[in-house]
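Undergrad: The amino acid sequence is not available; the structure is as follows:
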């Protein structure tokens, strides 16, 4: 016969193999008492969490027990934490462990130890891996097109601080969460054959240090060969031809250049070298560019004749 004093008892239940299969706390005053048992356990919702410098993350800690559970946390100096302890558990409950990384924490992997004790000598230990990375910034990549639609979406290649990289197809607006120090490279030219392209003079590469909105404007361009012919004479110079390139006025001597789609072009009406006695003149020296082509402008050699 075992006589129990009227105090609070910890009841442990073992199986035939000596394994603990249940426990309970029971406050006995007098008479006959019946209690259920719960197998003491502590289960984190995640064994690995990612936190950026200066950021935080919360892990759910599910506790199975009957009684007062004291939870102690051990973490590196660069990680602070908060958790309610002790907690009173009747079967099961959830506690919340918030882990915060210092803004100056070195990126890397750290281990946080969670020790839950039901009574002296009876405890459960769990380990949580904390991966600290650089701060994340919201970066939106967008593009627009002057001319016909792009033949394929442009590509973005991202180079992350940990040495990895990733290439993505860009939509008209692509929003990403990127760690500080990530570098990006946006495809600057897309071709459709050898004489039609979509190109940009926008900035297409850089490094992420803050939230950004990056817009790229693509211009449809065609390859054009400008030439000229002259009826005769000497002393003239090659014409300087004007056209549009990336939305701005540009000029070139006769040759092959990329020209914006739907761009006007203009040859000078008179060649340089013309004077009051002799000139080289064209009567068809302007037009529009809508496809790859060769444009040949003809100049007539004329003399000023005084008829008396």
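TA: Great, that's in hand. Bear in mind that the values here come from a model prediction, so they are computed numbers and not experimental data.

Undergrad: What ranges does the chain have for its helices?
TA: Here the chain has no helices by DSSP state H.

Undergrad: So which helix or strand of it has the lowest pLDDT on average?
TA: strand 20-27 (a mean of 67; mean pLDDT, DSSP states H and E).

Undergrad: got any ranges where the stretch 1-150 of the chain has weak pLDDT?
TA: 1-4, 19-26, 31, 33, 35-38 (pLDDT under 70).

Undergrad: give the contact list for the closest residue to residue 55 other than its chain neighbours.
TA: Nearest in space to residue 55, with sequence neighbours left out and distances taken as CB to CB, 6 or more residues apart in numbering, is residue 101 at 6.0 Å. Glycine gets a C-beta too; all of them are placed from N, C-alpha and C. Residue 101 makes contact with 51, 52, 53, 54, 55, 56, 78, 79, 130, 132 under the criterion CB atoms under 8 Å, 6 or more residues apart in numbering.

Undergrad: Can you lay out these as CSV showing neighbour count and distance to residue 159?
TA: Below are those laid out as CSV (neighbours: other CB atoms under 10 Å; distance: CB to CB, whole Å):
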residue, neighbour count, distance to residue 159
51, 18, 22
52, 21, 18
53, 19, 19
54, 14, 23
55, 16, 22
56, 15, 27
78, 17, 26
79, 19, 28
130, 23, 25
132, 23, 20
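
Undergrad: which two in those residues are spaced the farthest apart?
TA: Farthest-apart pair in the contacts of residue 101 is 54 and 130; separation 13.7 Å (CB to CB).

Undergrad: what's the nearest residue to the residue nearest to the spatial centre of the chain if we skip its chain neighbours?
TA: Closest residue to the average C-alpha location of the chain: residue 176 at 3.5 Å, with CA atoms, centre = their mean. Nearest residue to residue 176 in three dimensions, chain neighbours excluded: residue 139, at 5.4 Å (CB to CB, 6+ apart).

Undergrad: For burial, what's the neighbour tally of the one you found?
TA: 21 (other CB atoms under 10 Å).

Undergrad: can you map out the strands along the stretch 101-250 of the chain?
TA: 108-119, 122-133, 136-146, 155-159, 165-169, 173-179, 183-186, 189-191, 196-199, 205-207, 212-230, 241-245, 248-252 (DSSP state E, counting those that start in this stretch).

Undergrad: Go through the ones you listed and name the closest to residue 16.
TA: So among the strands of the stretch 101-250 of the chain, strand 122-133 is nearest, using CB to CB, at 20.4 Å.

Undergrad: counting contacts, what elements does that closest one pack onto?
TA: strand 41-44, strand 48-52, strand 56-74, strand 87-101, strand 108-119 (3 or more CB pairs under 8 Å, 6 or more residues apart in numbering; DSSP states H and E).

Undergrad: wait, what's in contact with the nearest residue to residue 171 once chain neighbours are set aside?
TA: The shortest distance from residue 171 to any non-neighbouring residue, by CB to CB, 6+ apart, is to residue 153 (6.7 Å). By CB under 8 Å, 6+ apart, the contact list for residue 153 reads 169, 170, 171.

Undergrad: Alright, that wraps it up for me.
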